[in-house]
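Q: sequence and predicted structure are below.
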Amino acid sequence: ADPAPQQAVDRLGGAVLLPRGVIAVNALVWREIVRQQVPGAPAAGDVQESGVDIPPPAPRGGGPRQVTVAAPDLALAVADRIPPEGQADEASLLAEMASDARRHIDISAGPLARFLLLRTAPDVHLLCVIVHHACCDRASLGVLLDELAALYGAYATGQQPDLPVAPLQYADFAVWQRDRLAAGALEGHLRYWEQQLAGLSQLDLPTDRPRPAKPSFRGELFAHRIPAEIAARAKDLAGAEGTTLFGVTMAALAVVLPRYTGQDEIVVGTTSAGRGRPELERLICLLINMNVLRLDTSGDPTFSELIRRTGRVIGQARDHGEVPFAKVVERVRPPRDPSRNPLFQVAMDMRPGAGDRQSAGVRMEMADLDPGTSRFDIAISAVDEPSGPDGPGGLTLWVEYASDVFGRGGVSGLGGYLEVGLGAVASDAGLRVAEVGLLSRADRERVLAGWQGQVRGDRRGRGVSLIHIPGPTGTRGTLYSVFFFQKKNKNRAV
């Protein structure tokens, strides 16, 4: 399956000058996206401005090779979607754009990007930007839209655009990375991953459907918004523990996933932007890399201790994250199962909210599309939303899941469990993993209505998060902990 294209929707409020928009799009394509050969530019094998020699194409029939072609003149497709009764239904328009985003991009023939502008009201437009993942990642989208706004603003006001010249191009980076691999500069990092991931257990998520022998990569996407008040308390906890909101949220995920799997060891993939060098920050290209986090919840630690464990793993992954994921898989050599992603099946990352852009009287805000694909069993993208005129901010969880193996009902509770769990540990980081309640009050009342257990407040005054279930030992704990106590120590089905 082709990698999912990167897509973004800019919601444009204001009088958009369409001819200027066409000029800006073509200028952007010329400057940044395609990076293809044009008359008068250096030929393959010539030295670029950055001083890195770009090798000529490999012989036909060999491996991947660089091919230079004339830069295309990309048209900006424009369609009027203003209904007679007023402003169009934006949800249906986003669905139309998502359908367009799923259309195949032929990487061998190009073009590698396309643009669609829908007019939804006299002063509101939706601009859909679709770029093949081979030449664009999430960080690149922000750069792309920044430069599109700058180009549009310049052309709309009759000025000459003045964008900074990138100090290098992706080909320069590729040569540099290839040379480091050939020289053995990454061997120490590879040894770390080989040791860190030795004997890795597969995450045993319960599925709604039998796993097919070969994944189709079809997926669905939904959003769960964590209130600003909980997100703020989680940030306060991160500051007190000397970590980040991402570290706290990842530790919370390590609390939630064992409730699904019954495993003490949780393996989660996460993204590394790959832009640690200043000259890479403004490139539009594919620099993202995947790192593997092996999280240990054994011994029922307090959440504070789990944060520290998680922080150490995240820090080590960052220190050794330069190695391409494919090289890590080659070195670790996990048992290969074509129905699963190697090394991990669940991923989570965190990114700041895009925020708005202003250009020549036009307000631009980004919206997300459902690409209809899923790279992993479950992938969570946590967006730290800024506060603004539209709301107080908060944390939005975009949950992408493989529809081959999950139904919506099987994963829809994940966002709610993370919300409740974050709220609980942000109030009391001394809670042990097994003590963290994950059910909302409404869910808890619904569950308890059909149970004989007696609800009691616990000795630390945390309300009704514990259920008293009389047992042979007379102990009391969460339903989760009692269940696994019975399963482990009594060796009988529950």
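A: Everything's here; your move. Residues are numbered from 1 along each chain as shown.

Q: name the helices or strands packed onto the longest helix belonging to the chain?
A: In the chain, taking DSSP state H as the definition, the longest helix is helix 138-156. Packing contacts for helix 138-156, counted by 3 or more C-beta pairs under 8 Å, 6 or more residues apart in numbering; DSSP states H and E, involve strand 6-13, helix 18-28, strand 124-131, strand 356-359, strand 362-367. In short, each C-beta sits where N, CA and C put it, glycine included.

Q: residue 85: neighbouring residues, count only.
A: The number of residues packed near residue 85 is 6, by other C-beta atoms under 10 Å.

Q: go on, residue 265?
A: By the criterion of other C-beta under 10 Å, residue 265 has 16 neighbours.

Q: and if you look at residue 379?
A: For residue 379, the neighbour count with other C-beta under 10 Å is 21.

Q: what helix or strand is it on?
A: According to DSSP states H and E, residue 379 maps onto strand 378-385.

Q: by how many degrees do that strand and helix 138-156 diverge?
A: 50 degrees (axes from the mean of the first three to the mean of the last three C-alpha atoms, to 10 degrees).

Q: quick one, helices of the stretch 151-300 of the chain?
A: Listed in chain order, the helices of the stretch 151-300 of the chain (DSSP state H, counting those that start in this stretch) span 170-182, 187-196, 228-241, 245-261.

Q: show me where the stretch 51-200 of the chain dips below the pLDDT cut-off.
A: Along the stretch 51-200 of the chain, the parts satisfying pLDDT under 70 run over 51-74, 86-88.

Q: quickly note the distance from the residue most central in space within the chain to residue 204.
A: Central residue of the chain (C-alpha atoms, centre = their mean): residue 381, 3.9 Å from the mean position. Residue 381 sits 23 Å away from residue 204, taking C-beta to C-beta, to the nearest Å as the criterion.

Q: can you put the helices of the stretch 151-300 of the chain in JSON lines and add mean neighbour count and distance to residue 410?
A: Shown next, in JSON lines, are the helices of the stretch 151-300 of the chain (neighbours: other C-beta atoms under 10 Å; distance: least, C-beta to C-beta, whole Å):
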{"stretch": "helix 170-182", "mean neighbour count": "15", "distance to residue 410": "39"}
{"stretch": "helix 187-196", "mean neighbour count": "15", "distance to residue 410": "30"}
{"stretch": "helix 228-241", "mean neighbour count": "17", "distance to residue 410": "24"}
{"stretch": "helix 245-261", "mean neighbour count": "23", "distance to residue 410": "10"}
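
Q: which of the ones you listed sits closest to residue 426?
A: For these, proximity to residue 426 was assessed by C-beta to C-beta; helix 228-241 is nearest, at 3.8 Å.

Q: list the helices and strands the closest one packs on?
A: helix 245-261, helix 303-319, strand 394-402, helix 413-427.

Q: apply 6 Å and report the result again.
A: Judged by 3 or more C-beta pairs under 6 Å, 6 or more residues apart in numbering; DSSP states H and E, the packing partners of helix 228-241 are helix 245-261, strand 394-402, helix 413-427.

Q: select, out of those, the one closest to residue 91.
A: For residue 91, the closest of those is strand 394-402, at 16.2 Å, according to C-beta to C-beta.

Q: tilt between the closest one and helix 245-261?
A: Going by the same axes, to 10 degrees, strand 394-402 makes 40 degrees with helix 245-261.

Q: next SSE after strand 394-402?
A: Counting by DSSP H and E, the next helix or strand C-terminal to strand 394-402 is helix 408-411.

Q: so whichever strand or helix holds residue 445 versus helix 413-427, what angle?
A: Here residue 445, judged by DSSP H and E, is contained in helix 441-448. Put simply, helix 441-448 runs at 110 degrees to helix 413-427, going by the same axes, to 10 degrees.

Q: hey, C-alpha coordinates of helix 441-448 in PDB?
A: Extracted C-alpha coordinates of helix 441-448, given in PDB (Å, rounded to 0.1, in the frame of the first residue of the first chain):
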ATOM      1  CA  ARG A 441     -19.100   8.800  36.800                       C
ATOM      2  CA  ALA A 442     -21.800   8.000  34.300                       C
ATOM      3  CA  ASP A 443     -20.000   4.900  33.100                       C
ATOM      4  CA  ARG A 444     -19.300   3.800  36.600                       C
ATOM      5  CA  GLU A 445     -23.000   4.100  37.600                       C
ATOM      6  CA  ARG A 446     -24.000   2.200  34.500                       C
ATOM      7  CA  VAL A 447     -21.600  -0.600  35.300                       C
ATOM      8  CA  LEU A 448     -22.500  -0.800  39.000                       C
END
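
Q: who are the packing partners of it?
A: Helices and strands touching helix 441-448, by 3+ C-beta pairs under 6 Å, 6+ apart: there are none.

Q: now do the buried residues in that helix.
A: By 16 or more other C-beta atoms under 10 Å, the buried positions in helix 441-448 come out as 444, 448.

Q: average pLDDT for that helix?
A: Averaged over helix 441-448, pLDDT sits at 76.

Q: over to stretch 412-424?
A: 94.

Q: and it, how far from the chain's centre?
A: Chain-centre distance of stretch 412-424: 18 Å, with C-alpha atoms, centre = their mean, to the nearest Å.

Q: now that stretch: buried residues?
A: Using 16+ other C-beta under 10 Å as the test for burial, stretch 412-424 gives 413-424.

Q: need the contact partners of that stretch.
A: The contact list for stretch 412-424, computed with C-beta atoms under 6 Å, 6 or more residues apart in numbering, reads 224, 226, 230, 234, 252, 255-256, 397, 399, 436-438, 440.

Q: go again with 7 Å.
A: 222, 224, 226, 230, 234, 249, 252-253, 255-256, 397, 399, 431, 436-440 (C-beta atoms under 7 Å, 6 or more residues apart in numbering).

Q: can you check stretch 298-312 too?
A: So stretch 298-312 is contacted by 241, 243, 247-248, 250-251, 254, 264, 295-297, 425, 429-434, 436 (C-beta under 7 Å, 6+ apart).

Q: if we go to 6 Å?
A: Applying C-beta under 6 Å, 6+ apart, the contact partners of stretch 298-312 are 241, 243, 247, 250-251, 264, 295-296, 425, 429-434.

Q: next one: stretch 185-200
A: Contacts of stretch 185-200 with the rest of the structure, by C-beta under 6 Å, 6+ apart, involve 320, 323, 328, 331-332.

Q: kindly recompute the last result at 7 Å.
A: Residues outside stretch 185-200 that contact it (C-beta under 7 Å, 6+ apart) are 180, 267, 292, 294, 320, 322-323, 327-328, 331-332, 334, 343.

Q: derive a PyMOL selection command for the buried subset of the residues you listed.
A: Buried residues among the contacts of stretch 185-200 (16+ other C-beta under 10 Å), as a PyMOL selection:
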select buried, resi 267+292+294+320+322+323+328+331+332+334+343
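
Q: out of the contacts of stretch 185-200, who's nearest residue 362?
A: Distances from residue 362 to the contacts of stretch 185-200, taken by C-beta to C-beta, are shortest for residue 322, at 39.3 Å.

Q: can you redo the buried residues of stretch 412-424 as TSV with distance to residue 169?
A: Conversion of the buried residues of stretch 412-424 to TSV gives the following (distance: C-beta to C-beta, whole Å):
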residue	distance to residue 169
413	45
414	40
415	39
416	45
417	44
418	40
419	43
420	47
421	44
422	41
423	46
424	48
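
Q: quick one: residue 429 is in a strand?
A: No - according to DSSP: H, G, I helix; E, B strand; the rest coil, residue 429 belongs to no strand; its state is coil.

Q: count of residues packed around it?
A: For residue 429, the count of nearby residues is 18 (other C-beta under 10 Å).

Q: distance of the nearest residue to it once chain neighbours are set aside relative to residue 243?
A: Nearest non-adjacent residue to residue 429, counting by C-beta to C-beta, 6 or more residues apart in numbering: residue 304, 4.2 Å away. The spacing between residue 304 and residue 243, counted by C-beta to C-beta, is 10 Å.
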